[in-house]
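Enquirer: show me how the following folds:
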Amino acid sequence: MSAAAREIIVATSNPGKLSEIRALLADLPIRVCGLASVSGVALPEEGDDYAANAAGKARAVARAAGRLALADDSGLEVAGLGGAPGPRSARFGGPGLDDAGRVRALLAALAHARGAARSARFVCVAALATPRGEVVTTRGECRGRLLDAPCGSGGFGYDPIFVAEGTQVSFAQLPELEKSRLSHRGIAIRALVPQLRSALAAQSPNAAMRS
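Expert: You can find the predicted model right below:
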């Protein structure tokens, strides 16, 4: 198998997300690279559908890079906000905000919410695309509740205010392996591994000889 065939490009420039995905794929004989390793990729504009967003990003990167690509689209759905911010979680609060700014904006929107209104779930759809445009997707969810203030320094995004069901601390306070076991992204990426193994096998020299 060529060096290119042993690589998968993850459609993200977020170092926290890339680190999580690398850890989730650590048992596979592949090199996991981010968008910085590919030039000239134009990601499609994101809308309000996790699966369409993830598939669009994965397909665009796979075609531009000429190799397998993985993308995910994730969001936090809050009961007290009618399921918002959802697929627009990374843009919540307006342009120019960093993770901490979006957390502050969300907490401000929930300032008077109590009880069930602070229940929430993280949702992730992961997509694997081939250079030919073939795409497969998987979905993961993690239910929990939101804190009144950030706690912990790990993770990224809304992790400091999200407490998963069955735990007592935020995602930002959990050990990395425990968060990976529970998280929406961990569930979605692990479900995608069999398809990734099949795609890698299809690119091997032996597979080419059999075809």
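
Enquirer: report the central residue of the protein.
Expert: The centroid of the chain falls nearest to Asp72 when counting by CA atoms, centre = their mean (4.2 Å).

Enquirer: if we ignore the residues flanking it in sequence, what's nearest that one?
Expert: Among residues not flanking Asp72 along the chain, Ala126 sits closest, at 4.4 Å (CB to CB, 6 or more residues apart in numbering). No exception for glycine: its C-beta is placed from N, CA and C like everyone else's.

Enquirer: and the one you found, what is it in contact with?
Expert: 54, 70-72, 137-140, 185, 188-189, 191-192 (CB atoms under 8 Å, 6 or more residues apart in numbering).

Enquirer: helices along this structure, start to end?
Expert: Listed in chain order, the helices of the chain (DSSP state H) span 15-24, 50-65, 99-109, 176-182, 184-202, 205-210.

Enquirer: buried deepest among those, which one?
Expert: Compared across the helices of the chain, helix 50-65 shows the largest average neighbour count, a mean of 22 (mean count of other CB atoms under 10 Å).

Enquirer: so which residues make contact with that helix?
Expert: 9, 11, 35, 38, 40-44, 46-47, 68-75, 87, 123-131, 133, 135, 137, 139.

Enquirer: which of those residues are buried? Put it as a PyMOL command.
Expert: Typed into PyMOL, the line below selects the buried ones among these, using 16 or more other CB atoms under 10 Å:
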select buried, resi 9+11+35+38+41+43+46+68+69+70+71+72+73+74+75+87+123+124+125+126+127+128+129+130+131+135+137+139
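
Enquirer: in strands only, show me the contacts of helix 50-65.
Expert: Members of the contacts of helix 50-65 lying in strands (criterion: DSSP state E): 9, 69-75, 123-129, 135, 137, 139.

Enquirer: pLDDT weak spots in the protein?
Expert: 1-5, 204-211 (pLDDT under 70).

Enquirer: how about a cut-off of 50?
Expert: For the chain, the stretches flagged by pLDDT under 50 are 1, 207-211.

Enquirer: any idea which of the contacts of Ala126 is the one closest to Ala23?
Expert: Ile189 (9.6 Å; CB to CB).

Enquirer: looks like that closest one contacts Asp72 (just checking).
Expert: Yes - counting by CB atoms under 8 Å, Asp72 is a contact partner of Ile189 at 7.3 Å.

Enquirer: what sits in contact with each of these two?
Expert: Ile21, Ala126.

Enquirer: contacting residues around Leu35?
Expert: Ile9, Val10, Ala11, Thr12, Ser13, Val41, Val61.

Enquirer: one more pass at 7 Å, please.
Expert: By CB atoms under 7 Å, 6 or more residues apart in numbering, the residues touching Leu35 are Ala11, Thr12, Ser13, Val41.
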